[in-house]
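1. Can you look at this prediction? I've put the sequence above it.
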Amino acid sequence: MLSSASMSSLTRSSLEEMLESLRRRDEEEKPKDKPPALPSRPPSRARLPSARRLPNSFKVDDCEAPPSSGEFEDDNVGYFMKKLCLLNFLFVKLHVWCRQPKGKWELGTIQSTSGEEASVSLSNGNVMKVARSDILPANPDILEAVEDLIQLSYLNEPSVLHNLQSRYSQDMIYSKAGPILIALNPFKDVQIYGNDYISAYRQKLMDSPHVYAMADAAYNEMMEDEVNQSIIISGESGSGKTETAKIAMQYLAALGGGCSGIENEILQTNFILEAFGNAKTSRNDNSSRFGKLIEIHFSAMGKICGAKIQTFLLEKSRVVQLALGERSYHIFYQLCAGSSSELKERLNLRMASEYKYLNQSEYLTIDGVDDAKKFHGLMEALDVIRMCKEDQELVFKMLAAILWLGNISFQVNDNENHIEVVNDEAVTNAALLMGCSSQELMEALSTHKIQAGKDTITKTLTLRQAIDARDALAKFIYASLFDWLVDQVNKSLEVGKRRTGRSISILDIYGFESFQNNSFEQFCINYANERLQQHFNRHLFKLEQEDYELDGIDWTKVEFEDNQGCLDLFEKKPLGLFSLLDEESNFPRATGLTLANKLKQHLHTNPCFKGERGRAFSVCHYAGEVLYETTCFLEKNRDPLPSGSIQLLSSCSCELLQLFSKTLNQSTKQSNSLYGGALDSQKQSVGTKFKGQLFKLMHQLESTTPHFIRCIKPNTKHLSRIYDEDLVLQQLKSCGVLEVVRISRAGYPTRMTHQEFSRRYGFLLSEANASQDPLSISVAVLQQFNIPPEMYQVGFTKLYLRTGQIGALEDKRKHLLQGILGIQKSFRGYQARHHYHELKKGVATLQSFFRGENARRQYGVMVKSSITISSENIKETQAATILQSVIRGWLVRRHASGKNKSKKYPENAKSKQRTRVRLPEEKDVSSERVQNLPSALAELQKRVVKAEATIEQKEEENAELKEQLKQFEKRWIEYEKKMKSMEEMWQKQMASLQMSLAAARKSLSAENAGGQLARREVASFSYESEDATTMGTRTPRTPGASTPLKYSSSLSEANGSLTSVSNLMREFDQRRQTFDNDARALVEVKTGQSANTNSIEELRKLKHRFEGWKSDYKVRLKETKTRLHKVGNSELDKRKRWWGKLSSRAL
């Protein structure tokens, strides 16, 4: 196996040497007038692929030329087949692209070769003979559907188309072509948007080609470099530019969203601008009929702080004139379909089919679009930008006025085609909405006033002139309304003082258009696209290659199609298209035919201009040749508004129309136009004005870093999954995508000055550079990290690196910085900890000082207070000692005097001894004890101690008794409250019973005299029943004993009193219920039944019984109260008597 491997390696080496020798020989045979090829592929590994060149025009027809004519040298298989006839086996099974007879490219495999032909097996199984010039190599399967076209090994037309088609079939609609993002319109909803994808691209979790990635790159460059950015979106009509712009705005709104909510306002402006500026065309259901530049401003923190919108060249003619298969602006259909019944009544609105400005085309609706729903979304957007309801209704009123103006008709009166306005509902409604009279409106549309000296001549207009005047008024109102709306939107998004100089501009402008009939609008649109293509060429081709040449880089210039000649055709003075158009517009009698003849006369030598028959001419644009009809060029370039219409607007009561009239430049100079008296209100023609706006836009874009998005329309049927290779190839050629890929792959996309490079990567050097020269430091860095010389070039001022090299250096720089940061982190941590410990030690020392001071202060205060307390204790001790000495002396003297008396009266002494409860030692008194006085004093001291202990015990008992007394007092208060409440309740019940009895008496008074007497007796008593039985069941009261230290009898008396009170309350309730029942039985008398003697007698008995019970109840109630008072007083007296006896005994 080793031997076979070595042989194969030798075979490959010899083959490579043979190929290299043939290549050198072929280069020597090249004609000298051909452009030189790029350097050959270096022999070392990990080198760039060999230089390849595309033809200048990049057309398939050029493939028959030898490789030196511009085709890739190793992309043409026939070239090698001619040189290596003996090595045919090398090309067997080689995947190639072969061109079919109809021009289509198809993938196949080479089966065999024979001279200038090869047998190719196609993918469908067929085998065909193909000339070598019709074969191009195909990329290996591993490069199928790559994200960036730079990654393709073979960059030719079929390989690029196949790569884009492979990605498109997998719903991967975005691809990269170097710095350009290619976006294919999917014509369906693709699930690659939303918050999840936004978060993924923000966190760098995804890096596949996407609008989000492009917007994120612009945002990051703006924040890091502090340079304004621009996202330029271009492409043909229907390629998806508007949707792409909205997606980019959504991502920027998510990145720069804050608490102010202005990002939502920016997104809502899309609904407003689309409704008033977009329309259905034959190629696009939502075509932008104006250009817009949205400039989003950011704060220093990267949050959106405002925005500004600029618009260019609104297609006003669409308001009054429609082509087949097209619609007017969306807002007209949305207003008719979605407005409420009240709004329709106020505006006199009808169906869209009833307005002549709208029913010129049969397309009144768009498939899959709900105009009513769109109108409600528009209303919400207007609310978001804070437009008041009054202004919204004014806008809708102007739209309705335009529609009714289109319905105004004219009637021819004479042979000279003079007309008069038909006075119908269209005139009435239009005048009402505009705020003028019908007569004023009819006069402005049918006559024209000419000032001749002091006299005014009124001239009746012809039918054509009247229609033009009506349409001019409608176009002026709509264009002014559109500009006013943009101003209102800008006011709501105003930046003001928050401007920081950081912004991202998104340009969404009309794409290149080529219809069957192309007029003045397509003329201006295609000119704008020429200017944008020049901006594209300047940044991606001219500036880069000029930078290489000026900095001394070894570079072979890449050819590209420059459209500067076409721009000169439009802009050159005095013989440019715009100059000649303005010159012809100044002649009143000029027509489209005279304009076409003038253009042919002066521009026939220009290679980009081609004169046609009649009123037509052709211009060779970068995207192809377009034929223009000059029929309405002059009228649209002049865009006149008659003086009568201007006067009418100024006299209208509508606020918006008055505002629009003030914006006109009131020039006294009258033009010699067709109308003979129209003011040159705009001073400039529409073309000149648009050219000035475009120059201003380009100047603004030149001050930003551009990011290009090329939108591609895959088919003209607006259907998904259909991929038209010819259409896609034509768009790729027109926008120069393939040339950009060539430059990006062969060039040096990374460029840094020597100072910047050395400053950024100089610290990566392992040893310090003694010279400290930026150039030497840069070269030393490249050599240290073994970057091959083929991968960079050193210029006079900059260092140029090929793709991928700066990433490797950044990885090494990042790795080293992370290590440095780790060391710094550890050292800073050590410093922080050391500082913390020092600080902690100082704090502890400071705290110890403070705590010591506080302790000393507290000790001083404590010493002072202890001295005061000790002095007071000494005084109290001295006073107690003095008191004790006095008491003891008194006791001794008293005892001594008693003994003396006992000697004289022994009987009295004995009786006193028995009553005082003396100790056993005091019963025998002898003369010996009297003589022994010290022992007597000791005995007295013992007695004093015992007396003090007894006093303390009695004091404790006294405290307990006081607590019991307090409890009794509380209970007494509760008893008094209950008695009062019972009395009040009893009185209320008595009063209620009396009222019920009085009512009963009145009811019985109508029966007879006896019944009346009974009711008066019933009304005079209160509750009582069953007196004898209740009075006999009283609870007896038990007297208690009187003991000085125990109060059991008092407690029993108090409990008995409480029981009596409870019995009284219970008895009262029972008696009340009984008397109620008896009285109710006597009062209720059936209907038709009179009172008899027995019922009257029973009523009297009930009264006597009630009176007796009431008297007894009052007596018992008083007795209970008296008893309660006695219990409380007796307890108090007993305590007082007991305390007095106790004090006397102590003495």
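-> All right, it came through fine.
2. Can you give me every residue that contacts residue 511?
-> 234, 235, 236, 237, 238, 239, 241, 525, 529, 711 (CB atoms under 8 Å, 6 or more residues apart in numbering). (Each C-beta comes from the backbone N, C-alpha and C, glycine too.)
3. Swap in 6 Å and give it another go.
-> 235, 236, 237 (CB atoms under 6 Å, 6 or more residues apart in numbering).
4. my guess is the second one meets residue 713, correct?
-> Spelled out, that is residue 236. Yes: between residue 236 and residue 713 there is a contact at 5.4 Å, judged by CB atoms under 6 Å.
5. Between those two, which has more neighbouring residues?
-> Set residue 236 next to residue 713 and count neighbours by other CB atoms under 10 Å: residue 236 wins out with 26 against 22.
6. What does that one show for phi and psi?
-> Dihedral angles of residue 236 (phi, psi; degrees, to the nearest 10) stand at phi -70, psi 170.
7. show me the contacts for it.
-> Counting by CB under 6 Å, 6+ apart, residue 236 has contacts 511, 512, 713.
8. TSV for these, including pLDDT, secondary structure and distance to residue 519?
-> Output for the contacts of residue 236, formatted as TSV (pLDDT from 0 to 100; DSSP: H, G, I helix; E, B strand; the rest coil; distance: CB to CB, whole Å):
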residue	pLDDT	secondary structure	distance to residue 519
511	78	coil	17
512	81	coil	15
713	92	coil	22
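9. in stretch 143-154, what counts as buried?
-> For stretch 143-154, burial by neighbour count (16 or more other CB atoms under 10 Å) applies to 146, 148, 149, 150, 152, 153, 154.
10. And the pLDDT for the first one?
-> Going back to what we said before, that points to residue 146. Looking at residue 146, its pLDDT is 90.
11. tell me the secondary structure for it?
-> coil (DSSP: H, G, I helix; E, B strand; the rest coil).
12. what about it, distance to residue 971?
-> Here the criterion is CB to CB, to the nearest Å. By it, residue 146 lies 103 Å from residue 971.
13. So, low pLDDT: which residues of the stretch 151-300 of the chain?
-> 258-260 (pLDDT under 70).
14. all strands for it, in order.
-> 174-177, 180-184, 229-235, 278-279, 287-288, 291-298 (DSSP state E, counting those that start in this stretch).
15. just to revisit the earlier point, for the buried residues of stretch 143-154, which two are the farthest from each other?
-> Using CB to CB, the buried residues of stretch 143-154 span at most 14.6 Å, a distance reached by 148 and 154.
16. Mean neighbour count added to the strands of the stretch 151-300 of the chain, as CSV?
-> Formatted as CSV, these follow (neighbours: other CB atoms under 10 Å):
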stretch, mean neighbour count
strand 174-177, 23
strand 180-184, 24
strand 229-235, 24
strand 278-279, 22
strand 287-288, 22
strand 291-298, 23
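17. Tell me which of these lies nearest to residue 335.
-> Short answer: strand 278-279, nearest of the strands of the stretch 151-300 of the chain by CB to CB, at 14.1 Å.
18. and for that closest one, what are the contacting residues?
-> Contacts of strand 278-279 (CB under 6 Å, 6+ apart): 286, 288, 289, 318, 327, 329, 330.
19. mind checking how far that strand is from the chain centre?
-> Here strand 278-279 is found 28 Å from its chain centre; the criterion is CA atoms, centre = their mean, to the nearest Å.
20. Fine by me, thanks again.
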